[in-house]
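# any chance you can model this:
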Amino acid sequence: MQPQQGQSGQLTLDLAHRRNMVRDLTGGALLVLAVFFPWNLYFGFRIPGSSNYVLAVLLAVTLLSLIAIAVPYVGPWRLSGTRFAPTATNRLRLGLNIPYLLLLLAFVVYDIFQTIRSGGTVNVPGGVGPGGWLGIAGAMLCAQPVSTGQPGDNENYDNWLFTARILGYASMFGAALSSGFNLAWRVRYALQPTNSASGFGRQNIAVIDTALVYGVVALVAVLVASRWLLKGTREYQLPTIALGASAMVAGIIVWVLPVGREIDAFHGIAQNTSTAGVGYEGYLVWATGAAIFAPMALVRSHTHPIGRDIWRAAARNELLLIAVWCLGSVVMRLTDLSTAVMLNFPYSRYDTMTLAAFDLVTAALAFWLRINLVNQALPARLISSLCGFLLTLTVSRVIVGVVLAPRFAASPDARPNPVYGNNLAQQITSTFDVTLCGLALGIVVAVIISGRRSATQTKQPGRPRRRQRRTGQPGPARGGAAVPSEAETTQFRSPAALDAHDDAPTTVLSGPGRAPRIFRSGESTGPLPPKIYRRLDDPS
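Numbering: from 1, shown residues only. Sure, this is the predicted structure:
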């Protein structure tokens, strides 16, 4: 018994080592990747005028985080060594990643300072770009405790769940505060006295209306998604992982592709919430939540597999976010159309209604799937196909949002900013729409996995299949009683043959043979006694 327990413990330890390796390598890759992406509008790779001092600090804290990866694998405190101390190792890993987190916090504080100082002016705050999202996800992965395959690992992860809950509240509070601040500045600007004789006019109404609608839609999206971090259960952890990963990939795509400046006016660098849609209060926290929840889901999936109901509940949460944002996009497009009509801005009624129709159909399909995903009567293939169609619609929304968006005529003397800005008259399509494309892909994956789990659960492995009785072939049924015409007691044999088979049991079946035929008279032959026709080789 002891050798088996030792072998099981060794397998658990090896599995924990592999998971540690996957987590740390992923974190290291994200840290290195973060160096090559912008951190805000004024600092980062390929951004003119970036500070060399800030770059040196970034490289230094990145090096410290990479050293934290090597702590459990080399040196006296390695996992395979006799001096391995889990508590000391985990504290050292966390301490080496704190400078990285402080640097990212400095970027957030700098953006808040710029927002307050330049509020209501044409100066644009720096925001936080994809480099910060990738960096914080990598640092959180590298700072997490080492998994040893022991029950104490769950206690360590429970502490990180509390951290995720705090970040969720911070995201919701920060987004609400930012939305209220921006709304106050824009309303204050709209209420300022003008030199026109008409006083409070159409432009003032348009400014207040647009600020209110855009701010509410962006805030609701952040509240719906950041609420997932407060739960901590699997049906909320999985959507957070998908959303955080999709946000990081979306930031990379929008920054790298040339069309990224038309998808997002700030080229994927998030401002605070309601300045240009969903702000960095959401993206940063979602990336952090994905980094916290992913190792938990990976570790516990071995002992507690993710069931069908959990996958479907996760997909329903993701569908709610897509539906809410698409409905908000419809409201924003109608608001922009009315604003363009009032202020004589360039607009196309056909293009705007087409964009609104795409948003409305996507929202309706997302709501329908959310309601019917728990309906067991619907075929799994239908649900999977509709989820694939939803993915197609989310991608199409981004494409038509760029192609059909109204534009201003470009001035030949204007010098465009090398980082941000475009000539779109309205900027509703953003990086968040690209993020929803990745989230829709996650819904397709979740539905497919839940369908397979459902098919596996309906099978009963301990119960053998019942074989159908073959028809049209001679011989008795297997395991049942013999047909009377085929049993030994009904066969006509010679006395010698009967003596030879006296010892045979009556349940043993004979070989295939024909039963004797009985001739009965019909109406045309008249009344005749029945005759039994026997085989020629039967002497009886």
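# use CA for all of it now, contacts and neighbours both
OK.
# how near is Leu94 to Thr435?
Per CA to CA, to the nearest Å, Leu94 is found 30 Å from Thr435.
# I meant to write Val361 there.
18 Å.
# quick check: Leu101 touching Ala137?
No - in this structure, Leu101 is not within contact of Ala137 by CA atoms under 8 Å, at 10.1 Å.
# between those two, which one's more packed in?
Each of Leu101 and Ala137 has its neighbours counted (other CA atoms under 10 Å); Ala137 has more, 28 against 16.
# can I assume the more buried one sits in a helix?
Yes - counting by DSSP: H, G, I helix; E, B strand; the rest coil, Ala137 falls inside a helix.
# for Val128, see how far away it is.
Separation of Ala137 from Val128 (CA to CA) stands at 14 Å.
# hmm, back to that, which of Leu94 and Thr435 has more residues huddled nearby?
Thr435 (23 against 18).
# the more buried one reaches Ala247, doesn't it?
Yes - Thr435 lies in contact with Ala247 (CA under 8 Å); the separation is 5.0 Å.
# distance of Tyr189 relative to Leu284?
For Tyr189, the distance to Leu284 - CA to CA - is 30 Å.
# over to Ala315?
Applying CA to CA to Ala315 and Leu284 gives a distance of 22 Å.
# for Gln114, same thing?
19 Å.
# who has more neighbours, these two?
More crowded of Gln114 and Leu284, by other CA under 10 Å: Leu284, with 27 against 16.
# surely that one meets Trp133?
Yes - in this structure Leu284 lies within contact range of Trp133 using CA under 8 Å: 5.4 Å.
# now do the buried residues in the longest helix along the chain.
Longest helix in the chain, counting residues (DSSP state H): helix 152-190. Across helix 152-190, burial judged by 16 or more other CA atoms under 10 Å covers 156-157, 160-161, 164-165, 167-172, 174-176, 178-187, 190.
# which ones are touching Val32?
Thr62 (CA atoms under 8 Å, 6 or more residues apart in numbering).
# pLDDT below threshold where in the stretch 251-400 of the chain?
298-303 (pLDDT under 70).
# what are the ranges of the helices in it?
For the stretch 251-400 of the chain, helices defined by DSSP state H, counting those that start in this stretch occupy the ranges 260-263, 280-303, 308-343, 349-372, 380-403.
# output the lowest mean pLDDT helix or strand found in the protein.
helix 495-500 (a mean of 49; mean pLDDT, DSSP states H and E).
# count of neighbours near the closest residue in space to Leu319 that isn't next to it in sequence?
Of all residues not flanking Leu319 in the chain, Ala366 sits nearest, at 5.4 Å (CA to CA, 6 or more residues apart in numbering). Residues lying near Ala366 (other CA under 10 Å) number 25.
# where's Ala366 relative to Leu386, distance?
From Ala366 to Leu386 the distance is 9 Å (CA to CA).
# likewise Gly127?
In terms of CA to CA, Gly127 sits 37 Å off from Leu386.
# neighbour count: those two, which is higher?
Gly127 (26 against 16).
# how about the more buried one, nearest residue that isn't a chain neighbour?
Leaving aside its sequence neighbours, Gly127 sits nearest to Gln271 (CA to CA, 6+ apart; 4.3 Å).
# what sits against that neighbour?
Applying CA under 8 Å, 6+ apart, the residues contacting Gln271 are 125-128, 278-280.
# in the stretch 101-250 of the chain, where is pLDDT below threshold?
Looking at the stretch 101-250 of the chain by pLDDT under 70, you get 120, 149-156, 193-200.
# 90 instead, please
Scanning the stretch 101-250 of the chain for pLDDT under 90 picks out the ranges 115-125, 145-161, 182-211, 231-234.
# ok, Tyr236 touching Ser226?
No - counting by CA under 8 Å, Tyr236 stays clear of Ser226, with 10.1 Å between them.
# so the two - more neighbours on which side?
A count of neighbours by other CA under 10 Å puts Ser226 above the other of Tyr236 and Ser226, at 26 against 23.
# next, work out how far apart the more buried one and Phe367 are.
20 Å.
# and Ser385, by the same measure?
According to CA to CA, Ser385 and Phe367 sit 15 Å apart.
# the more surrounded of these two?
Phe367 (19 against 14).
# next, count neighbours for Leu439.
Leu439 - counted by other CA under 10 Å - has 28 other residues nearby.
# who touches it in this structure?
239, 242-243, 246, 318.
# tabulate those residues (JSON lines), appending neighbour count and secondary structure.
What follows is the contacts of Leu439, written out as JSON lines (neighbours: other CA atoms under 10 Å; DSSP: H, G, I helix; E, B strand; the rest coil):
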{"residue": "Pro239", "neighbour count": "30", "secondary structure": "helix"}
{"residue": "Ala242", "neighbour count": "24", "secondary structure": "helix"}
{"residue": "Leu243", "neighbour count": "26", "secondary structure": "helix"}
{"residue": "Ser246", "neighbour count": "26", "secondary structure": "helix"}
{"residue": "Glu318", "neighbour count": "26", "secondary structure": "helix"}
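# most widely separated two among these?
The span of the contacts of Leu439, defined through CA to CA, is set by Ser246 and Glu318 at 11.9 Å.
# hmm, back to that, give me the helices and strands touching the helix or strand just after the longest helix of the chain, please.
Next in sequence after helix 152-190, counting helices and strands by DSSP states H and E, comes helix 202-226. Using 3 or more CA pairs under 8 Å, 6 or more residues apart in numbering; DSSP states H and E as the contact criterion, the elements in contact with helix 202-226 are helix 152-190, helix 280-303, helix 308-343.
# ok, which of those helices comes nearest Val220?
Smallest distance to Val220 across the helices and strands packed on helix 202-226 (CA to CA): 8.0 Å, for helix 308-343.
# how about the closest one: buried residues?
308, 310-337, 339-340.
# one more: stretch 395-412?
395-398, 401-402, 405-407.
# next: stretch 123-140.
For stretch 123-140, by 16+ other CA under 10 Å, it's 124-140.
# in helices, which of these fall?
Checking these against DSSP H, those in helices are 130-140.
# got the angle for the one helix or strand Glu235 maps to vs helix 308-343?
Following DSSP H and E, one finds Glu235 within helix 234-256. Angle of helix 234-256 versus helix 308-343, following axes from the mean of the first three to the mean of the last three CA atoms, to 10 degrees, is 40 degrees.
# which residues does stretch 216-234 contact?
161, 164-169, 171-172, 175-176, 179, 236-237, 239-240, 273-274, 277-279, 281-282, 285-286, 289, 297, 310, 314, 321, 324-325, 328-329.
# the residue lying closest to Gln114 once chain neighbours are set aside: what's it in contact with?
Of all residues not flanking Gln114 in the chain, Pro125 sits nearest, at 5.4 Å (CA to CA, 6+ apart). Residues counted as contacts of Pro125 (CA under 8 Å, 6+ apart) are 41, 111, 114-115, 118, 271.
# from these, which land in helices?
111, 114-115.
# distance check, Ile67 against Arg452.
Relative to Arg452, and taking CA to CA, Ile67 is found at 41 Å.
# who has more neighbours, those two?
Between Ile67 and Arg452, counting by other CA under 10 Å, Ile67 is the more crowded of the two (16 against 13).
# now do the same contact list for the more buried one.
Applying CA under 8 Å, 6+ apart, the residues near Ile67 are Leu96.
# what helix or strand is it on?
For Ile67, the element it lies in under DSSP H and E is helix 52-70.
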